[in-house]
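Trainee: Just a sequence and a predicted model for now, questions to come.
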Amino acid sequence: MSYRPVLTSSGSAGWAFLNRTLSRQQAAFNSSAEIRRESEYFRDRIDTIRTPEALVGNRRLLSVALGAFGLREDIDNRFFIRKVLEEGSLDPGAIANKLSDKRYLALTRAFGFGDFDTPRTALSDFADEILALYERREFETAVGEADNDMRIALALQRDLPELARQQSSEATKWYTIIASPVMSRAFQAALSLPDSVASLDVDQQYRIYSEKAERVYGSPDPAQFADPARLEAFTRDFLQRAQLRSSATMSAGASALQLLQTAARGGLSLRL
């Protein structure tokens, strides 16, 4: 049986507990039978893989490779993954460089099939590198099965500082956030923006995000979240406001249900 992460509650209190126990829970998760079995299989065979075709032809290896970058949902899209890996990252016209979702770029850079004569799968520490990513992502997925907002909070600790430290413009960072389902959801909640903001033109979204971030955090630049203290404050804001949204939604649903039940008991019609 797989290890199930322990969450005591949602929101900031649950986040504090998860942070205190994270290293122990991650270790227990990594030791579970399923994760250990797939990790050992990957470690034993990945150094024999020299082409994208060979990787996509082995479903178990491909599952770990995609899982390491949060792309497990693409497991059956093998032709596309093969093209991404073949084209690599060095050519500005490569598929991975054109996609707004930068997980594919990280994937092809990690394996190096299209960038080097000898792919990075031949490196002695390559398996360790990919498995560390895989185990962390799989743990986040397991957490998300119990509390998706907690999964997002965990992902933020990895993705947001990495983005903040990049040598790119403020606008480029915001466009990356907007294109990321995880980070855009977190910023919408933390900045108290409605879900409908996602339907606006990306340039409008960029202006809204940056202006609201300046009002709330004192700076419009996502680079500020490279600071651990600011990242922690942002994570708490996200969890607290996401919890309030969830409570409001549940209360509205409960009120509607109660109204319907009352009407049914009284033989009333709610039709206009």
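Mentor: Now that the structure is in, tell me what you want to look at.

Trainee: Select the helix or strand of this structure having the lowest average pLDDT value.
Mentor: helix 228-265 (a mean of 71; mean pLDDT, DSSP states H and E).

Trainee: Okay, now the unreliable bits of this protein?
Mentor: Within the chain, the ranges that satisfy pLDDT under 70 run 1, 246-272.

Trainee: Which stretches in this protein count as strands?
Mentor: Per DSSP state E, the chain carries no strands over any range.

Trainee: in it, which spans are helices?
Mentor: With DSSP state H, the ranges of helices along the chain come out as 11-30, 33-45, 52-56, 59-67, 78-87, 95-98, 103-111, 126-146, 148-164, 170-179, 181-190, 202-217, 228-265.

Trainee: Out of the ones you listed, flag the one nearest Pro119.
Mentor: Taking CB to CB, helix 103-111 is the member of these nearest to Pro119, at 5.8 Å. (C-beta placed from N, C-alpha, C; glycine too.)

Trainee: Which secondary structure elements does the closest one sit against?
Mentor: Applying 3 or more CB pairs under 8 Å, 6 or more residues apart in numbering; DSSP states H and E, one finds that helix 103-111 contacts helix 59-67, helix 78-87, helix 95-98.

Trainee: for those helices, which one sits closest to Glu138?
Mentor: Among the helices and strands packed on helix 103-111, helix 59-67 comes nearest to Glu138, with 6.1 Å by CB to CB.

Trainee: Which strands or helices does that closest one pack on?
Mentor: Looks like helix 59-67 contacts helix 33-45, helix 52-56, helix 78-87, helix 103-111, helix 126-146 (3+ CB pairs under 8 Å, 6+ apart).

Trainee: C-alpha coordinates for that helix, PDB please?
Mentor: C-alpha atoms of helix 59-67 as PDB (Å, rounded to 0.1, in the frame of the first residue of the first chain):
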ATOM      1  CA  ARG A  59       6.400   3.300 -20.800                       C
ATOM      2  CA  ARG A  60       7.800   2.800 -17.300                       C
ATOM      3  CA  LEU A  61      10.900   4.900 -17.900                       C
ATOM      4  CA  LEU A  62       8.800   7.600 -19.700                       C
ATOM      5  CA  SER A  63       6.300   7.700 -16.800                       C
ATOM      6  CA  VAL A  64       9.100   8.500 -14.400                       C
ATOM      7  CA  ALA A  65      10.700  11.000 -16.800                       C
ATOM      8  CA  LEU A  66       7.400  12.900 -17.300                       C
ATOM      9  CA  GLY A  67       6.400  12.600 -13.700                       C
END
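
Trainee: the inter-axis angle of it versus helix 126-146?
Mentor: 70 degrees (axes from the mean of the first three to the mean of the last three CA atoms, to 10 degrees).

Trainee: Counting neighbours, what do you get for Asp203?
Mentor: 12 (other CB atoms under 10 Å).

Trainee: Hmm, I typed the wrong one, I wanted Thr8.
Mentor: Using other CB under 10 Å, Thr8 has 10 neighbouring residues.

Trainee: what residues are up against Arg151?
Mentor: Shown in contact with Arg151 (CB atoms under 8 Å, 6 or more residues apart in numbering): 140-141, 143-144.

Trainee: wait, Leu231
Mentor: So Leu231 contacts 156-157, 160-161, 225 (CB under 8 Å, 6+ apart).

Trainee: Are any of those residues buried, and if so which?
Mentor: 156-157, 160, 225 (16 or more other CB atoms under 10 Å).

Trainee: Turn the helices and strands packed on helix 103-111 into JSON lines, including mean neighbour count.
Mentor: Converted to JSON lines, the helices and strands packed on helix 103-111 look like this (neighbours: other CB atoms under 10 Å):
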{"stretch": "helix 59-67", "mean neighbour count": "19"}
{"stretch": "helix 78-87", "mean neighbour count": "18"}
{"stretch": "helix 95-98", "mean neighbour count": "17"}
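
Trainee: These: which one's closest to Ala233?
Mentor: Between the helices and strands packed on helix 103-111, helix 59-67 lies closest to Ala233; by CB to CB that is 30.4 Å.

Trainee: do you know how far Val6 is from Arg236?
Mentor: Going from Val6 to Arg236 by CB to CB, to the nearest Å gives 20 Å.

Trainee: Which one of these two is surrounded by more residues?
Mentor: Comparing Val6 with Arg236 by other CB under 10 Å, the one with more neighbours is Arg236, at 16 against 13.
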